[in-house]
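A.B. asks: from the sequence below, what's the structure:
(2 chains)
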Amino acid sequence: MTDRLELRDLLPDDVGPDELARLARVHELLVSAGAPAELPPHLESAPRTGRTGGGATVLPLDRSRWRTIAMTAAAAAAVLFGVGFFSGWAAKDTGFRAAFGPVPMRGAGATSKAIAEIWVAPADKALNWTSKLKVRGLPELGKDSYYALYLTDAKTGRKILVCTAFSVHAGVTTVTFNFPGEAKDRGWLIVSETPGPNGTEIAKPVLWTEAERSSGTA
Amino acid sequence: MTATLALSLGLPAAAATATIPAVDLRAATDGDLLQRVGTGDRDAFEVLYRRYARSVFGLALRRLGDRGIAEDAVQEAFASVWRSAGTYRRDRGPGAPWLYTVARNAIADRGRRRPEPVSEVPDTPDHEPLPGERAEAEWVSWRVHSALEELPFSERQVIELAYWGGLSQTEVADFLGIPLGTVKTRTRSGLGRLAAALEGELE
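C.D. replies: Numbers count the residues shown, from 1 in each chain, chains lettered A, B, ... in the order given. Now for the predicted structure:
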C-alpha cells in the first residue's frame, strides 16, 4: 500500500518542484507514521465528566452514543431500488418481512464484481431496525481479518456505528444485523479489516451504497 | 467491557472562565482549550477529545498491543487530562507536548496494572527499536495523526483512502463519486495544510 505510493501520482500535474519537495516531506511522514487507529464508535464522544462533592466521581464509559440517536423520531425514507440481483425474501426466509429494500451496494477496483443488498424490516417500538445483508463476490479473508458493516450518514459519509462484523464464503453469504434510531439519510459501508502493525487495523472500503458513494461532496 | 471511569476533584472555580475571552473552540489552539478545560469547560474538553482521541488510541495500541485495554486507556488518559488541565501553564510550552506527556503517562499506568505474562528467554536477537527510537517514532505518529484530525473532512478522507485504504486515486474518485481532478486537488490541499501544521517535524 503505502510503500507503493508515488507522491507524483497523487497530485495534479501543475505542482512545481518546490511545492513537490515540501509535500514530499509530508508524504514521508505519513508513510512512516502508518495508519491512524480507527476509533470504535463508542469512543467517538468524550467520556462524560462531572464531579460530586468531596470525592471521586465514578462514571460508566460512554459507549452508547447511538442511544441518543435511537431517541430521535424516525420515519423510514429509504429509496427503493427496484428488483435486486438476489431473489429477495422468498418463503424460505420465513420470519423476516422486509419493509424496504433491496438497497444495493457496489464496489470498485478489486471488488467491482462483488455485489450486496440490504433489506430492512419494520422498526420495533424502540426503533430497532432488524435487517439482512446478502453479499457475494467478496474474497475470503485470512486469519484475524473480517468484514465490518457500518451505518453511515448519507450526507457526510461519516461512520455512525458498526452494525456487524462477518466473514464470507463462496456463493451468497447472508448476515442478519440491527441498527437503531434514524433510518432517513443513512447509507452503509463494508470495509475489510485486517491486522496492521502495532495492533492497528487496516480498514479498506470494499462495498458501499449509493448514498455513501455520493458522500464525497460533503 | 465493564470498566469505569474515575474522575477526581480539584478543578479551579468556575468563575475563572470569565477571564477567558470567548473564541470559536474549533479554531482554538490546544493551549486555549487546555486552559478552558482547566476551568471545567466541558465544550472545550469535547473539542480537545475529538482532536486527539484517535492519536491517543493509536499511542495506546502501540504501547499496550490490546484493543480492549487500549480503549480503556483512552478513557483514563482523557480523565487524566480533565483532572490535571488546571496545572497546564501556557508559558511552559504549547499544548500538544503537554497532552502527549499526560496521555503517555496514563497509558503507561494502565499497562503496569495488567498482569505480566510469564517471560521466556528469547533465543533470537531482539530487533525491536531502541527506547529512544521508539519514543521518537511515537511522537512523530502522534503529531502526524493529530494534524490529520485538523484537516477538513473532505481532504482527510482522500488522504486516508489513498495512504491507508489501499485505493488508487481513480478508485478514490469512484468511491466518492467525484472527478479524479478533485481528488488530486483535495490531496494537494490536504498535504499542504499538513506541511504547515508539521513544520517542526519537517526540519
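A.B. asks: my guess is A:Met29 contacts B:Trp139, does it?
C.D. replies: Quick fix: residue A:29 reads Leu, not Met. No: A:Leu29 is not in contact with B:Trp139 according to Cβ atoms under 8 Å; the separation is 11.5 Å. Backbone N, C-alpha and C define where each C-beta goes, glycine included.
A.B. asks: more neighbours, the two?
C.D. replies: A:Leu29 (19 against 16; other Cβ atoms under 10 Å in any protein chain shown).
A.B. asks: tell me the SS of the more buried one?
C.D. replies: Here A:Leu29 is helix, with the state taken from DSSP: H, G, I helix; E, B strand; the rest coil.
A.B. asks: repeat that for B:Leu161.
C.D. replies: At B:Leu161 the chain is in helix, as set by three-state DSSP.
A.B. asks: distance of the residue of chain B found nearest chain A relative to B:Ile69?
C.D. replies: Using Cβ to the nearest Cβ, B:Leu176 is the residue of chain B that sits closest to chain A, at 2.5 Å. Distance, B:Leu176 to B:Ile69, by Cβ to Cβ, to the nearest Å: 35 Å.
A.B. asks: the more surrounded of those two?
C.D. replies: Neighbours were counted for B:Leu176 and for B:Ile69 using other Cβ under 10 Å; B:Leu176 has more, 26 against 20.
A.B. asks: my read: that one touches B:Glu160, true?
C.D. replies: No: B:Leu176 is beyond contact range of B:Glu160, at 11.8 Å (criterion: Cβ under 8 Å).
A.B. asks: outline the domain layout of the chain.
C.D. replies: Since no chain was named, I'll use chain A. Taking automatic domain parsing as the reference, chain A has its domains at A:2-33, A:63-217.
A.B. asks: not what I meant, chain B
C.D. replies: Listed domain ranges for chain B are B:23-113, B:151-202 (source: automatic domain parsing).
A.B. asks: any idea how far the last one is from the chain center?
C.D. replies: This means domain B:151-202. 19 Å (Cα atoms, centre = their mean, to the nearest Å).
A.B. asks: from A:Ala123, how far out is A:Lys184?
C.D. replies: Per Cβ to Cβ, A:Lys184 is found 12 Å from A:Ala123.
A.B. asks: swap in A:Glu210?
C.D. replies: Distance from A:Glu210 to A:Ala123, by Cβ to Cβ: 22 Å.
A.B. asks: now the domains of chain B in JSON lines, with distance to A:Glu201?
C.D. replies: JSON lines is the format used below for the domains of chain B (distance: least, Cβ to Cβ, whole Å):
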{"stretch": "domain B:23-113", "distance to A:Glu201": "8"}
{"stretch": "domain B:151-202", "distance to A:Glu201": "10"}
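A.B. asks: any chance of these in CSV, with mean pLDDT too?
C.D. replies: Below are those laid out as CSV (pLDDT from 0 to 100):
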stretch, mean pLDDT
domain B:23-113, 89
domain B:151-202, 88
